[in-house]
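Engineer: can you look at this prediction? I've put the sequence above it.
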Amino acid sequence: MSIDSNKSTCDIHEFCKDKSTDVARIFCISSVVYQNAPSGTKSLDRGVIVYENSQGWGNCVNGLYTLLPFAAMLGRRVVINIPYYRACFLPVQGSANWSPVSNNNERDSDVLHKDIEFALHGSGHTRLEGVKAWADRVSLGDLKYSAHNLHTYVNGPQLQVNSCIQKALPGNASCLEDRARAAVLPAVVHRPSPQLCKALSAIRKRLKLPELSPGTEPRPGAFGLRSPGIYLLALHFRGYPQGFEGIGDDPSVRTSQRDFGPFMDAAEIVAGAAAKVAACREQKLMIYFATDHARALRKTVEGRLMKYGRVVFGLREHEVGHVNPVYSAESLKEIARKREKCEEEEGPRQGGRELSFDSCHFMAKPSRSEEERSLHQIMGMAEWWILAQSHLLMSSGVSSFSDTASDVGLGSHGVMERFAYLSQSKNDSGAEFVRYRVRKDMEGDCREIYAVDREVAKKCPNHGHGTENGGR
């Protein structure tokens with residue numbers, strides 16, 4: 001079966017209308033959009049969109065969200081040309097190898113890049129309005145693309161639930177976006193590659209976690225660090241060290257230093273609630289701390305959280321690096337000055353409440369070789385997958401790294417019960433600003449549920465913290 005190029009757009013749902021659930025339909029659509037068109041299978045014959053992006057995971061994953069509904073509208077197959085994504089996740093079911101990247105000589109890059117490179121549409125609501133206007137023109141047939149190969153470098157916005165996705169998800173409209181987020185990204189990241197499995201296995205061994213018996217996971221590596229008898233709370237604190245993707249010199253990003261105190265206040269409360277849930281379920285709490293500042297934060301984090309459960313840092317220092325640092329001449333001078341007074345071990349100032357920007361541990365460390373760059377990318381993806389496969393995740397604020405991990409965790413291929421984040425913070429306290437995204441019954445009435453297993457949810461629900469959240 002192939003899409004008739006003479007018909008209107010959004011015919012792609014015809015491939016999957018026999019599927020009975022949201023997840024099954026989205027996974028079916030993904031297998032068509034992201035497939036490698038092996039002989040004799042369903043195909044999209046209007047052409048190919050080659051997606052390229054050299055930025056970090058946050059920017060790249062925004063494009064992955066966006067491309068599925070847009071490819072469905074355009075009736076085109078997607079080829080993802082992101083090396084570390086291709087290294088860490090296998091193609092969709094039924095395809096043995098990734099599609100080759102289209103020949104550069106066949107590009108019609110200006111056309112699609114100009115129309116749906118969302119940075120050109122401003123930011124915030126202005127950007128969304130621009131994207132919606134583009135989508136409307138396509139859906140009405142006012143905007144058509146004749147070239148076979150289209151290239152794009154889209155970064156966002158994160159997800160557009162356009163008419164194609166609405167048609168594919170005919171269930172409860174009250175949580176349409178939640179249902180789409182829970183299915184679209186997991187559809188393209190649910191099959192860890194051998195490289196990613198090797199990284200996860202190395203982390204398991206250094207943390208002295210048991211290797212899972214063959215057949216325990218639905219696919220190798222699918223559980224991340226999840227282990228029998230362990231309740232996994234993942235905490236993600238990141239900053240913008242100097243040189244980070246070209247924005248580390250902006251004074252506004254230095255507020256991340258001041259967020260550490262409020263984050264730890266909130267982390268203690270969330271960890272306390274997680275410890276109660278774990279005890280009720282007769283499990284042990286393990287707190288995984290993900291950060292690019294491990295050496296500087298380790299003592300403070302362990303000192304404040306070890307009373308709730310085992311605190312672990314999964315990555316070694318040489319495995320963490322910023323693969324796209326941007327240094328100005330002034331940046332290099334300032335870094336040289338800081339390194340002269342670097343101490344062997346540094347911690348937060350003011351009794352553990354504020355980080356020192358002058359610390360040598362808050363500078364982007366560029367990958368010095370392709371081998372090191374590959375290591376940093378794969379270990380970064382391993383840590384992202386660990387966050388995605390946790391039971392409870394907390395982030396220091398707006399971070400596409402942890403936000404997208406929560407989409408996987410709260411979806412059909414995760415067991416996450418809550419994603420906690422700080423909506424804002426003050427130096428005196430951060431606990432009052434903890435907000436949650438909660439797991440929902442995506443295939444039913446969209447109500448909040450507090451564990452994947454319904455019986456566990458009845459006996460030991462994860463209600464978060466505080467009476468305002470129905471806390472225990």
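Structural biologist: Received it, and whenever you're ready, just let me know what you need. Numbers count the residues shown, from 1 in each chain.

Engineer: phi, psi of Ile229?
Structural biologist: Let me fix one detail, which is that residue 229 is Gly and not Ile. phi 80, psi 0 (degrees, to the nearest 10).

Engineer: thought Leu285 was touching it, still the case?
Structural biologist: No: with contact defined as CB atoms under 8 Å, Gly229 does not reach Leu285; the gap is 10.7 Å. For the C-beta atoms, the positions are set from N, CA and C on the backbone; glycine is no exception.

Engineer: more neighbours: the two, which one.
Structural biologist: Of the pair Gly229 and Leu285, Leu285 is the one with more neighbours under other CB atoms under 10 Å, namely 23 against 11.

Engineer: all the strands of this protein, residue numbers only.
Structural biologist: Along the chain, counting by DSSP state E, strands occupy 48-52, 77-81, 149-152, 230-237, 284-291, 310-312, 392-395, 418-422, 434-438.

Engineer: out of those strands, which is closest to Ile378?
Structural biologist: Between Ile378 and the strands of the chain, the tightest spacing by CB to CB is seen for strand 284-291, at 15.0 Å.

Engineer: contacting residues around the closest one?
Structural biologist: Under the criterion CB atoms under 8 Å, 6 or more residues apart in numbering, residues 225, 229-238, 271, 274-275, 278, 297, 301, 305, 308-315, 383, 386-387, 390 lie in contact with strand 284-291.

Engineer: which among those end up buried?
Structural biologist: Buried members of the contacts of strand 284-291, scored by 16 or more other CB atoms under 10 Å, are 225, 230-238, 271, 274-275, 278, 297, 301, 305, 308-309, 311-315, 383, 386-387, 390.

Engineer: what's the neighbour count on Leu212?
Structural biologist: Count around Leu212 with other CB under 10 Å applied: 17.

Engineer: so how far is Ile26 from the closest residue to Arg281 other than its chain neighbours?
Structural biologist: Nearest residue to Arg281, sequence neighbours excluded (CB to CB, 6 or more residues apart in numbering): Cys460, at 4.8 Å. Distance of Cys460 to Ile26, computed by CB to CB, to the nearest Å: 30 Å.

Engineer: neighbour count: these two, which is higher?
Structural biologist: The residue with more neighbours, out of Cys460 and Ile26, is Ile26; 26 against 21, by other CB under 10 Å.

Engineer: can you list the domain ranges for the protein.
Structural biologist: Listed domain ranges for the chain are 11-189, 194-469 (source: automatic domain parsing).

Engineer: least confident of those domains, on average?
Structural biologist: When the domains of the chain are ranked by mean pLDDT, domain 11-189 comes last with a mean of 68.

Engineer: follow-up on the earlier one: hey, what's in contact with both of Gly229 and Leu285?
Structural biologist: Counting by CB under 8 Å, 6+ apart, nothing touches both Gly229 and Leu285.

Engineer: still on that earlier bit, check contacts around the residue nearest to Arg281.
Structural biologist: Val277, Cys280, Arg281, Ala451.

Engineer: one more: Tyr85?
Structural biologist: By CB under 8 Å, 6+ apart, Tyr85 lies in contact with Cys60, Leu64, Met381.

Engineer: how near is it to Leu422?
Structural biologist: 28 Å.

Engineer: and if you look at Ser193?
Structural biologist: 33 Å.

Engineer: circling back: farthest pair in the contacts of Cys460?
Structural biologist: Farthest-apart pair in the contacts of Cys460 is Cys280 and Ala451; separation 10.5 Å (CB to CB).

Engineer: the more surrounded of those two?
Structural biologist: Set Cys280 next to Ala451 and count neighbours by other CB under 10 Å: Ala451 wins out with 19 against 15.

Engineer: if we can go back for a sec, can you redo the contacts of Tyr85 as a markdown table with neighbour count?
Structural biologist: Formatted as a markdown table, the contacts of Tyr85 follow (neighbours: other CB atoms under 10 Å):
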| residue | neighbour count |
| --- | --- |
| Cys60 | 22 |
| Leu64 | 25 |
| Met381 | 23 |
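
Engineer: what's the closest of the residues you listed to Leu375?
Structural biologist: Nearest to Leu375 among the contacts of Tyr85, with distances taken as CB to CB, is Met381, at 11.0 Å.

Engineer: list the residues that contact Ser390.
Structural biologist: Gly224, Leu225, Arg226, Leu232, Leu233, Ala234, Tyr288, Gly409, Met416.

Engineer: if we go to 10 Å?
Structural biologist: Residues in contact with Ser390 (CB atoms under 10 Å, 6 or more residues apart in numbering) are 224-226, 231-236, 286-288, 290, 405-406, 409, 414-417, 419.

Engineer: neighbours around Gly215, how many?
Structural biologist: There are 6 residues near Gly215, going by other CB under 10 Å.

Engineer: how much space separates it from Ala222?
Structural biologist: With CB to CB as the criterion, Gly215 and Ala222 are 12 Å apart.

Engineer: just name the most buried of the strands of the chain.
Structural biologist: strand 392-395 (a mean of 27; mean count of other CB atoms under 10 Å).

Engineer: can you give me the end-to-end span of stretch 134-152?
Structural biologist: End-to-end span of stretch 134-152 (CA to CA, to the nearest Å): 15 Å.

Engineer: okay, buried residues for it please.
Structural biologist: Buried, per 16+ other CB under 10 Å, within stretch 134-152: Trp134, Ala135, Val138, Ser139, Tyr145, Asn149, Leu150, His151, Thr152.

Engineer: setting the sequence-adjacent residues aside, check what's closest to Ala451.
Structural biologist: Nearest to Ala451 is Ala457, by CB to CB, 6+ apart, at 3.9 Å.

Engineer: okay, that neighbour and Glu443: tell me how far apart.
Structural biologist: Per CB to CB, Ala457 is found 15 Å from Glu443.

Engineer: now swap in Val79 and tell me
Structural biologist: Taking CB to CB, one finds Val79 at 31 Å from Glu443.

Engineer: over to Val415?
Structural biologist: Relative to Glu443, and taking CB to CB, Val415 is found at 16 Å.

Engineer: of the two, who's got more company?
Structural biologist: Applying other CB under 10 Å to Val415 and Glu443 shows that Val415 carries more neighbours, namely 18 against 15.

Engineer: contacting residues around that one?
Structural biologist: 223-224, 226, 232, 389-392, 409, 439, 451-453.

Engineer: can you check Gly380 too?
Structural biologist: So Gly380 contacts 56-57, 84, 88, 199, 290, 292, 315, 319-323, 401 (CB under 10 Å, 6+ apart).

Engineer: please apply the same query to Asp407.
Structural biologist: Going by CB under 10 Å, 6+ apart, Asp407 touches 61, 65, 158-159, 178, 180-186, 189, 388, 414, 416, 419, 437.
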